[in-house]
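# Here you go, sequence then predicted model.
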Amino acid sequence: MDLRAPSLSVIIPVCNGEQSIGDCLASVFASIYRSYEVIVVDDGSSDRTSEILQRFPARIIRFDRNLGPAAARNAGAAAANAPLLLFLDADIIVPPSFLGTLVERIGARSELAALFCCYTKETRPENTCSRFKNLVHHWTHKQALEEAVTFCGGFGIVRREVFVELGGFDASCRYLEDIDFGYRMHLAGYRIGVAKDLQVTHTKHYSLAGLIRSDLFARAVPWTRLMLKYRIFRNDLNTRIPNILSVAVACLLPVSFAAGPTPLMGAALCAILIALNWRFLRFAAAVHGLAFAVRSAVLCWLIYLLSAVGVILGLCEWAMERSGLTRRVKDANILIPAGAARKP
């Protein structure tokens, strides 16, 4: 790895990532592309993360307390030396050719300010919730348009000058700071590409409780606020028309079973929900089997129901903020926060 004049800075925020950060860094340092540097921002970890980081030739920035992924990514970007910034989550494993191919792709398309890729259909955890969530991510990005209005901070590359011009990630966003940044890029006139054939492995484990917390509080609520804030509504990714219709059907299902003595209406709504998600469920069956697809249908209903709750909560939060009843405090986005220690 040539640290004298890297063309790519790989920035990895991590908080209590002892289960995955070692594999993540091992995959990055196994890259066949050599002109890169790796900057890891330890966002207040209290487990063995710091010990594991010592095994790798990465530059390390440490926060005394957890400041969130936006602040961590901004700190890494502030310390970066390359004209291209690759933001990578600590639970991602990349193939050896990934870094070089990503640099080549964005280099060949000067009209793009940023580019992000896709999860593989397989994930290391074998429980249903982890496989389901990973497959949803994979399917969503594979069905996406070739250009996006959002960004993915888990595996996305952006030109440094664009990142600095837009002020980096909004450090007041504890969730979906990458979606916020993507919206701002889009509104500023920059183009964001989606490289569906470039795929990385996601190793995150989801329990049912973790899946519920993630989809409600880390996705549905903040994404609703962001769409209202920027007034961006697009038939793409998680807001495609079948997804929106599925949310309405998912809400009607429990009402239909409770409203009358016959289950005909409920059965009809179940059929509609399956029809709206048939392509994904058929794909789930092809990847993990019919039993998994049946469980996925139930989880689809649950996630859509959570989306409806999240929309309501997001609307309420947005209205309260607009009315002045609550306010959000912004930290400095680019500067490394006081109290952060850096390892050369």
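Yes, it's here. Residues are numbered from 1 along each chain as shown.
# in the chain, which ranges drop under the pLDDT threshold?
Scanning the chain for pLDDT under 70 picks out the ranges 1-4, 235-237, 257-262, 325-344.
# which one's the longest strand in it?
Longest strand of the chain, by residue count under DSSP state E: strand 191-202.
# Using PDB, list the CA coordinates for it.
The C-alpha trace of strand 191-202 is given here as PDB (Å, rounded to 0.1, in the frame of the first residue of the first chain):
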ATOM      1  CA  ARG A 191     -25.200  13.100  -9.900                       C
ATOM      2  CA  ILE A 192     -25.000   9.800  -7.900                       C
ATOM      3  CA  GLY A 193     -24.500   6.500  -9.600                       C
ATOM      4  CA  VAL A 194     -25.600   3.000  -8.500                       C
ATOM      5  CA  ALA A 195     -23.100   0.200  -9.400                       C
ATOM      6  CA  LYS A 196     -25.400  -2.900  -8.900                       C
ATOM      7  CA  ASP A 197     -22.800  -5.400 -10.100                       C
ATOM      8  CA  LEU A 198     -20.300  -4.300  -7.400                       C
ATOM      9  CA  GLN A 199     -21.200  -6.200  -4.300                       C
ATOM     10  CA  VAL A 200     -19.900  -6.400  -0.700                       C
ATOM     11  CA  THR A 201     -20.800  -8.900   2.100                       C
ATOM     12  CA  HIS A 202     -22.800  -7.600   5.000                       C
END
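# counting contacts, what elements does the host helix or strand of Trp301 pack onto?
Using DSSP states H and E, Trp301 falls within helix 290-323. Judged by 3 or more Cβ pairs under 8 Å, 6 or more residues apart in numbering; DSSP states H and E, the packing partners of helix 290-323 are helix 128-142, helix 208-215, helix 221-230, helix 241-259, helix 264-276, helix 278-288. Glycine gets a C-beta too; all of them are placed from N, C-alpha and C.
# same thing but 6 Å
For helix 290-323, the contact count by 3 or more Cβ pairs under 6 Å, 6 or more residues apart in numbering; DSSP states H and E identifies helix 128-142, helix 221-230, helix 241-259, helix 278-288 as packing neighbours.
# Please tell me I have it right and Asn66 contacts Asp43.
Yes - using Cβ atoms under 6 Å, Asn66 makes contact with Asp43 at a distance of 5.4 Å.
# what about the two, which has more around it?
Per other Cβ atoms under 10 Å, whichever of Asn66 and Asp43 has more neighbours is Asp43, with 25 against 16.
# Next, the contact list for the more buried one, please.
Listed by Cβ atoms under 6 Å, 6 or more residues apart in numbering, the contact set of Asp43 reads 13, 15, 63, 66, 72.
# Can you tell me the element the first one falls in?
Okay, so that is Pro13. Per DSSP H and E: strand 8-14 holds Pro13.
# what about the residue nearest to Ile21 when sequence neighbours are not counted, which SS state?
Counting by Cβ to Cβ, 6 or more residues apart in numbering, Ile21 lies nearest to Ala90, which is 4.7 Å off, once chain neighbours are set aside. Using DSSP: H, G, I helix; E, B strand; the rest coil, the structure places Ala90 in coil.
# now swap in the one 5 residues further on and tell me
Following three-state DSSP, the label given to Pro95 is coil.
# Same check on Ser27?
helix.
# cool, and Cys118?
Per three-state DSSP, Cys118 ends up strand.
# give the contact list for it.
Shown in contact with Cys118 (Cβ under 6 Å, 6+ apart): 141, 196, 199.
# Please produce a markdown table containing the residues you listed, extended by distance to Arg59.
A markdown table is the format used below for the contacts of Cys118 (distance: Cβ to Cβ, whole Å):
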| residue | distance to Arg59 |
| --- | --- |
| His141 | 30 |
| Lys196 | 31 |
| Gln199 | 27 |
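# Of these, just the buried ones, PyMOL syntax please.
To isolate the buried ones among those in PyMOL, judged by 16 or more other Cβ atoms under 10 Å, type:
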select buried, resi 141+199
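# Nearest to Gly167, out of the contacts of Cys118: which one, please.
Compare each of the contacts of Cys118 with Gly167 using Cβ to Cβ and the shortest gap goes to His141, at 26.2 Å.
# Could you check how far the closest one is from Val247?
Taking Cβ to Cβ, to the nearest Å as the measure, His141 falls 20 Å from Val247.
# go on, Leu302?
Relative to Val247, and taking Cβ to Cβ, Leu302 is found at 12 Å.
# More neighbours: the two, which one.
Ranked by neighbour count (other Cβ under 10 Å), Leu302 and Val247 place Val247 first, with 20 against 14.
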